[in-house]
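J.: I would like to see how this sequence folds:
(2 chains)
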Amino acid sequence: MTSLPTAEERSGKKLGLVIDLDTCVGCHACAVSCKEWNTQGYSAPLTDVDAYGSDPLGAWLNRIHTYEVATVDDMPNRTVHFPRSCLHCEEPACVTVCPTGASYKRAEDGIVLVNPDTCIGCKLCSWACPYGAREYDPSHGVMKKCTLCVDRIYNEHLEPEARQPACVLACPAGARHYGDLGDPDSAVSKLVAQRDGYDLLPQSGYKPVNKYLPPRPRRTGVEDGAAAEPKVLEPIAKGDGSLSDRFFAWADQVLTR
Amino acid sequence: MHPAYSVILFTTASGAGYGLLALLGLGAALDVEFPQTYWFPLVALGLALGLITVGLLSSTFHLGHPERAWRAFSQWRSSWLSREGVAAVATYIPAGLFGLMWLGDWDGTMTWQSLGVLSAIGAAVTVWCTGMIYGSLTTIRQWNHPLVTPVYMVLAVSTGASLFCPLMAAFGAVQPWHIVMAAGAMGGAILMKCVYWWSIDREPRVLTIEAATGLGRRGVVRQLEAPHTQENFVQREMGYSIGRKHAKKLRAVCLVGGFGLATSLQALALLAQGPLQTGLLAASIAPAAVGVIVERWLFFAQAQHVVTLFYGKHFA
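T.: Down below sits the predicted model:
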């Protein structure tokens, strides 16, 4: 059913990700682990066309952009790595435009999914998404998107600590956090409150669940109590030209040869 | 947006077909004097339903799984695409009965006229849904515009009328007011298209790469590195863009060489008689078709999707 669950039907649980733009190092490990897990999981197959050729094409559920922000103050420009995937919106237009009911939002945890058995591949949902989260799989003929690793997070065959999205487990910088953003006391909700987390394109009205933590302001060093001038090391003492000095210099030369 | 040929063919062909169907249905209700031969409904309704059917079939060509297309009739509560599918199929019922009664010499009866009105309503609802598929998308500024759906309606009527007049003329039954109606609808389309283009060219472009990434409060943003070396689906589908220079020329082709020429030929036909009149009306079909195809192509090619901001476009 592509009508969204009503307020009464929704459990209040809003599972999602919090992405820290301050610590992301842009290594693409999240995208690669996502591709690896999902090519055998819910969205399988997630094959690429011409993967090793000159014009590869394939569906990936996570993409990492790198932006340069020309800062307005005197600080140097900064590089911001920006992972982009489905934000599991509260009001997703990608779901309501679906003519077949293949796209749906789960009432129990808010995850937005595509049923690959009923999707007709009309691509209209990808037009309705402002975040570019949906990618058409040309080899499968259906739309693919982030499942929030629905086949990991509830998977009782995995150790409890592994029941998290693959991208979160793979991140070496700890820049991705997973949890319930509907619960104000959850670790992710506290992180969002503490770090001033924000929505992408709030004016779209889709109410994304995933949040982004902005890069922290640059530190000048002054606020730490340290001198603004960089510390200069003492120069190494020069020889005094004595006989022993000259002997050691000669010995050094001979031994270096 | 990528201009998919199957979608352009679908919206233009079925638009003209629904326009012609609506005119035939309304004509029946308004006691228009149709030619007294069963060849007329056979040719005219056959052409209308043929164009609709070709259009609907071509729209399934761009699907990943055309064999599942029947599922698209289920989500009419939320989806304009589903509503369009339901309306399109439902319209076949009154239209088919309308045609059968006409061929069976039951034309002129109250039932026949009612079926004509129902066919016209079905056609209007279907084209309205087509327009709303695009008009309801807030991700594309050029589509989420109040004139988008009305333009779909007017172009369906005017291209339908461009077929209606030469058909009536070929059977010797065309009246001057039919031609005035056709030329007037086309003139209305030209006017609405001009207002629409004027409006989208002047709209403030508030969505920027800074707003999309949320990094604007730190300064000016530019994409340093794309996520992948080759274009992905999102860029191929949503990132299609056309140079402003070409867009200007194509708008001129659409308005002058297309709709303008068609209207002029129809105006000339008003002054002519007999075979010359029929010839002029028939000749107006080609420029009308060129106009509507170029218009539809530009409708896609000039649409800028918000997602292009993430891929480095500064404005959308």
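J.: dump the helix or strand harbouring residue B:295 to CSV, restricted to CA.
T.: When elements are assigned from DSSP states H and E, residue B:295 belongs to helix B:285-301. The C-alpha coordinates for helix B:285-301 follow below in CSV (Å, rounded to 0.1, in the frame of the first residue of the first chain):
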residue,chain,number,x,y,z
ILE,B,285,-1.6,18.2,-38.8
ALA,B,286,2.1,18.0,-39.4
PRO,B,287,3.1,21.3,-37.9
ALA,B,288,0.8,20.6,-34.9
ALA,B,289,2.5,17.3,-34.4
VAL,B,290,6.0,18.9,-34.7
GLY,B,291,4.9,21.6,-32.2
VAL,B,292,3.6,19.3,-29.6
ILE,B,293,6.6,16.8,-29.9
VAL,B,294,9.1,19.7,-29.5
GLU,B,295,7.1,21.1,-26.6
ARG,B,296,7.1,17.8,-24.8
TRP,B,297,10.8,17.2,-25.5
LEU,B,298,11.6,20.7,-24.1
PHE,B,299,9.3,20.0,-21.1
PHE,B,300,11.6,17.2,-20.1
ALA,B,301,15.0,18.6,-21.3
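J.: that helix packs against which elements?
T.: Here helix B:285-301 touches helix B:5-29, helix B:148-170, helix B:244-252, helix B:261-271, going by 3 or more Cβ pairs under 8 Å, 6 or more residues apart in numbering or on different chains; DSSP states H and E. From N, CA and C alone the C-beta is placed, and that goes for glycine too.
J.: show me what counts as buried in it.
T.: B:285, B:287-301 (16 or more other Cβ atoms under 10 Å in any protein chain shown).
J.: ditto for stretch A:91-108
T.: With burial defined by 16+ other Cβ under 10 Å, the residues of stretch A:91-108 counted as buried are A:92-106.
J.: skipping adjacent residues, who's closest to the closest residue to chain B within chain A in space?
T.: Residue nearest to chain B within chain A: residue A:121 (2.0 Å; Cβ to the nearest Cβ). Closest residue in space to residue A:121, ignoring its immediate chain neighbours: residue B:64 at 2.0 Å, by Cβ to Cβ, 6 or more residues apart in numbering or on different chains.
J.: spit out the contact partners of that neighbour.
T.: Applying Cβ atoms under 8 Å, 6 or more residues apart in numbering or on different chains to residue B:64 gives the contacts A:119, A:120, A:121, A:122, A:123, A:136, A:137, A:138, A:140, A:141, A:142, A:143.
J.: and with 7 Å instead?
T.: Applying Cβ atoms under 7 Å, 6 or more residues apart in numbering or on different chains, we find residue B:64 in contact with A:120, A:121, A:141, A:142.
J.: go on, residue A:209?
T.: A:14, A:16, A:87, A:88, A:89, A:90, A:110, A:181.
J.: excluding its backbone neighbours, what's nearest it?
T.: residue A:16 (3.8 Å).
J.: now do the contacts for that neighbour.
T.: Contacts for residue A:16 were tallied using Cβ under 7 Å, 6+ apart; they are A:88, A:181, A:209, A:210.
J.: can you name the residues of the stretch 51-200 of chain B that neighbour chain A?
T.: B:63-65, B:68-69, B:71-72, B:74-75, B:77-79, B:81-82, B:85, B:137-139 (Cβ under 7 Å from any Cβ of the partner chain).
J.: on that earlier part again, quick one, the helix holding residue B:295 and helix B:5-29 angle?
T.: Relative orientation of helix B:285-301 and helix B:5-29, computed by axes from the mean of the first three to the mean of the last three Cα atoms, to 10 degrees: 130 degrees.
J.: for the record, mean pLDDT for helix B:285-301?
T.: Per-residue pLDDT over helix B:285-301 has a mean of 96.
J.: buried ones only from the residues of the stretch 51-200 of chain B next to chain A, please, as a ChimeraX command.
T.: To isolate the buried members of these in ChimeraX, using 16+ other Cβ under 10 Å:
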select /B:63,64,65,68,69,71,72,74,75,78,79,81,82,85,137,138,139
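J.: out of the residues of the stretch 51-200 of chain B next to chain A, which are inside helices?
T.: B:81, B:82, B:85 (DSSP state H).
J.: which stretch of helix or strand covers the closest residue to the first one other than its chain neighbours?
T.: The spatially closest residue to residue B:81, leaving aside those adjacent along the chain, is residue A:99, at 4.1 Å (Cβ to Cβ, 6+ apart). Secondary structure assigned from DSSP H and E places residue A:99 in neither a helix nor a strand.
J.: my guess is residue A:99 contacts residue B:83. True?
T.: No. Between residue A:99 and residue B:83 there is no contact under Cβ atoms under 7 Å: 8.5 Å.
J.: for the stretch 51-200 of chain A, just list every one of the strands.
T.: Using DSSP state E, counting those that start in this stretch, the strands of the stretch 51-200 of chain A run over residues A:57-58, A:62-71, A:78-85, A:103-105, A:112-114, A:135-137, A:142-144, A:176-180.
J.: of these, which approaches residue A:240 most closely?
T.: strand A:78-85 (48.3 Å; Cβ to Cβ).
J.: each with direction, which strands does the closest one pair with?
T.: Under the criterion DSSP bridges, strand A:78-85 sits next to strand A:62-71 (antiparallel) in its sheet.
J.: what segments of the stretch 51-200 of chain A are helices?
T.: Using DSSP state H, counting those that start in this stretch, the helices assigned to the stretch 51-200 of chain A run over residues A:93-96, A:124-128, A:150-153, A:166-170, A:187-195.
J.: next, see if the fourth one gets close to chain B.
T.: No. Contact check for helix A:166-170 against chain B, using Cβ under 7 Å from any Cβ: none in range, with a minimum separation of 13.7 Å.
J.: please parse chain B into its domains.
T.: B:1-136, B:165-316 (automatic domain parsing).
J.: only the C-alpha atoms, please, for stretch B:123-136, written as PDB.
T.: Extracted in PDB, the C-alpha atoms of stretch B:123-136 (Å, rounded to 0.1, in the frame of the first residue of the first chain):
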ATOM      1  CA  ALA B 123     -10.600  11.600 -21.600                       C
ATOM      2  CA  ALA B 124     -10.400  14.800 -19.600                       C
ATOM      3  CA  VAL B 125      -9.800  13.000 -16.300                       C
ATOM      4  CA  THR B 126      -7.100  10.900 -17.900                       C
ATOM      5  CA  VAL B 127      -5.200  13.800 -19.400                       C
ATOM      6  CA  TRP B 128      -5.600  15.700 -16.200                       C
ATOM      7  CA  CYS B 129      -4.000  12.800 -14.300                       C
ATOM      8  CA  THR B 130      -1.100  12.700 -16.900                       C
ATOM      9  CA  GLY B 131      -0.400  16.400 -16.200                       C
ATOM     10  CA  MET B 132      -0.600  15.900 -12.400                       C
ATOM     11  CA  ILE B 133       2.000  13.100 -12.500                       C
ATOM     12  CA  TYR B 134       4.400  15.900 -13.400                       C
ATOM     13  CA  GLY B 135       2.700  18.800 -11.800                       C
ATOM     14  CA  SER B 136       2.700  17.200  -8.400                       C
END
